[in-house]
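*Asks:* Mind folding the following:
(one chain, ligands or ions: 1)
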Amino acid sequence: MASARVTCRKRPARRPKSAFEGALDLLALIRIVFLRKSSDALDLLTEARLERRFRSAQRELARLYAGYYVAELLAELTEPGDPHRELFLAAERTLLALDQEAPLAETVLRFEAAALTQVGHMPALAQCVACGRPVEAVDRVPFGMTAGGVLCDQCRPGRRGVVSVSGAVVEAIRRAAEIEDGGQPLVIEPAIRGELRAVMGNYFAHLVGHRLRISEHVR
Ligand SMILES: [Zn+2]
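*Replies:* Numbering: from 1, shown residues only. The predicted model follows:
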């Protein structure tokens, strides 16, 4: 019977676990050590330690998409190897807030505003982007997608890529950029959320040259 046991012994069906398996999870916060290779070779990962998992991935589809959207914005707005400490910290705070059941629409808009501020593309919202005159966020406001902000009545004519945006949406974006942790919380009225998503999706599309893949899933 001993010989039968030997012939029945099989190779393991799965390869042995990699040293990093479990640590390299999507949207997880990981501390890594790697060796930088030349520009045309992949860097060599030598250590990976999981600091925090993105738990929303298993719980709620809308929060999972919001997490993907954070990752997509980081990829689109930064260059590989170009560190942005404040932007990284904002992304980390956002993923944690999504995990802690923070309100979704407000959390996403705050990250968008933080990201735009960090990369220097926050639209002008209180002054005309062309001439600097104050523009009040009342009723509807002309917003130049290409120009990068609101326009006064004198500067609007003849410009391309101008859309009419409600004053409430302009005000929500402005507040999201200025709000501080621990201050008065940001509240986005449900009535303007659809328009807000459309405006942000349009603005990012103008900024990076194409529509973001995840943005249409973020409601
Ligand atoms: Zn103007």
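*Asks:* Around the ion, which positions in this protein sit nearby?
*Replies:* When proximity is defined by Cβ under 5 Å from the ion, the chain lies next to the ion at Cys128, Ala130, Cys131, Arg133, Cys152, Cys155. Where you see a C-beta, it was placed from the backbone N, CA and C, and this is true even at glycine.
*Asks:* and the first one, what does it touch?
*Replies:* Residues touching Cys128, when contacts are defined by Cβ atoms under 8 Å, 6 or more residues apart in numbering, comprise Pro134, Val135, Gly149, Val150, Leu151, Cys152, Gln154, Cys155.
*Asks:* repeat that for 6 Å
*Replies:* Val135, Leu151, Cys152, Cys155 (Cβ atoms under 6 Å, 6 or more residues apart in numbering).
*Asks:* In terms of pLDDT, where does Leu109 sit?
*Replies:* Note for Leu109: predicted pLDDT of 97.
*Asks:* Farthest pair within the contacts of Cys128?
*Replies:* Val135 and Cys155 (9.4 Å; Cβ to Cβ).
*Asks:* Could I get the full set of helices for the chain?
*Replies:* All helices of the chain, identified by DSSP state H, fall at 2-8, 61-77, 85-99, 104-118, 167-178, 190-208.
*Asks:* With respect to burial, which of those scores highest?
*Replies:* helix 104-118 (a mean of 22; mean count of other Cβ atoms under 10 Å).
*Asks:* got the contact list for it?
*Replies:* Contacts of helix 104-118 with the rest of the structure, by Cβ under 6 Å, 6+ apart, involve 66, 70, 73, 77, 84, 86-87, 90, 94, 97, 122, 176-177, 186, 188, 193, 200, 218.
*Asks:* quick one on the thing from earlier: neighbour-wise, give me the winner out of the contacts of Cys128.
*Replies:* Val135 (24 neighbours; other Cβ atoms under 10 Å).
*Asks:* Which residue comes closest to it once chain neighbours are left out?
*Replies:* Nearest residue to Val135 in three dimensions, chain neighbours excluded: Val150, at 4.6 Å (Cβ to Cβ, 6 or more residues apart in numbering).
*Asks:* The one you found: what's it in contact with?
*Replies:* With Cβ under 6 Å, 6+ apart as the criterion, the residues that contact Val150 are Leu125, Val135, Val141, Phe143.
*Asks:* Disregarding residues adjacent in the polypeptide, which is nearest to Ser164?
*Replies:* Counting by Cβ to Cβ, 6+ apart, Ser164 lies nearest to Arg140, which is 4.7 Å off, once chain neighbours are set aside.
*Asks:* my guess is that neighbour meets Ala168, correct?
*Replies:* No: Arg140 is beyond contact range of Ala168, at 9.7 Å (criterion: Cβ atoms under 6 Å).
*Asks:* what pLDDT does Phe81 get?
*Replies:* Let me fix one detail, which is that residue 81 is Gly and not Phe. 81.
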